[in-house]
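Undergrad: A predicted structure for the sequence below; I have some questions about it.
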Amino acid sequence: MPENFVKEINGIKIDPIIFTFRFGCKCTGECCHFGVYTDLKESEKILNLKERLIPLMDETQCKDTSKWFEPAEEDEDFDSGVAVGTEVINDKCTFLDKDGLCILQKLAMNENSYKWKYKPLYCILFPLVIFKGALTVDDEHIERLKTCNINPQAETSVFEACREELLHFFGERGFAELEEYRKEYLYSQRADKPGHSIGVPSGEAA
Ligand code: SF4
Ligand code: SF4
């Protein structure tokens, strides 16, 4: 349960499963086929980009901005307290083009800006997610995807797979604190410590 997590960074509790859950990201972006929940402010920012986004859309995408987002709903895991889902059109997020590229990222890169400047936070974080105030693995969504994390040989933890994303989310100080906590946590789970048996991904022993 999130309320039992002992570590908190930047107001977010840390589920230590992120240090041991094995994850490999090799597919072509099936996670974008279901759309994503954005914060209300993120959706407003995206709508304000419409003049620059529409020219990047292909024939599989909808240029009618009134169809880009679902109705808003309350959700305390979003900064503004309101979540807005992106619509799924032609079996993919409305912002995914036929080549499997997110046009929000494409726009930023075309402008020589930071690649995630316009991308919703939950797109950046997946397969991590903030759930009930805690950073954890979005295992429910992973399980309903056919090609996500299918490599049973994956030896890296989701923490290792998502270092850049976590640095983006926590900032340098917060990420350094997360790394320290990871070391402490993995040490506490070592096989030679009494009463613990969690498997630590190879190469990640503290
Ligand atoms: S996160 Fe999962 S679904 Fe998304 S690109 Fe990686 S492996 Fe594929
Ligand atoms: S906004 Fe972009 S990254 Fe997020 S689900 Fe849609 S296409 Fe994928």
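TA: Cool, got the structure. Keep in mind that this is a model prediction, so the values were computed, not measured. Numbering: from 1, shown residues only. Ligands and ions are numbered 1, 2, ... in the order given.
Undergrad: for stretch 19-26, output the C-alpha coordinates as CSV.
TA: Taking C-alpha atoms only, stretch 19-26 is exported to CSV below (Å, rounded to 0.1, in the frame of the first residue of the first chain):
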residue,chain,number,x,y,z
PHE,A,19,14.6,-1.3,-8.1
THR,A,20,13.8,-5.0,-8.6
PHE,A,21,11.1,-5.2,-11.3
ARG,A,22,12.9,-6.4,-14.5
PHE,A,23,12.1,-4.4,-17.6
GLY,A,24,13.3,-4.2,-21.2
CYS,A,25,11.8,-1.8,-23.7
LYS,A,26,12.3,-3.0,-27.2
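Undergrad: is ligand 2 contacted by that stretch?
TA: No - for a cut-off given as C-beta under 6 Å from any ligand atom, stretch 19-26 has no contacts with ligand 2; the smallest distance is 13.0 Å. Quick note: C-beta positions are derived from backbone N, CA and C, even for glycine.
Undergrad: return the set of buried residues in that stretch.
TA: Residues of stretch 19-26 classed as buried by neighbour count (16 or more other C-beta atoms under 10 Å): Phe19, Thr20, Phe21, Arg22, Phe23, Gly24, Cys25.
Undergrad: cool, stretch 78-86 as well?
TA: Buried residues in stretch 78-86, defined by neighbour count with 16+ other C-beta under 10 Å: Phe78, Val82, Ala83, Val84, Gly85, Thr86.
Undergrad: identify, from the buried residues of stretch 19-26, the entry nearest to ligand 2.
TA: The shortest gap between ligand 2 and any of these belongs to Cys25, at 13.0 Å (C-beta to the nearest ligand atom).
Undergrad: now that closest one: how far from Val36?
TA: According to C-beta to C-beta, to the nearest Å, Cys25 and Val36 sit 16 Å apart.
Undergrad: circling back to that earlier point, okay if I get the buried residues of stretch 78-86 as TSV plus pLDDT?
TA: Listed next are the buried residues of stretch 78-86 as TSV, based on pLDDT from 0 to 100:
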residue	pLDDT
Phe78	93
Val82	97
Ala83	97
Val84	97
Gly85	97
Thr86	98
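Undergrad: need those in TSV with distance to ligand 2 and secondary structure, can you?
TA: What follows is the buried residues of stretch 78-86, written out as TSV (distance: C-beta to the nearest ligand atom, whole Å; DSSP: H, G, I helix; E, B strand; the rest coil):
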residue	distance to ligand 2	secondary structure
Phe78	15	coil
Val82	17	strand
Ala83	13	strand
Val84	12	strand
Gly85	10	strand
Thr86	5	strand
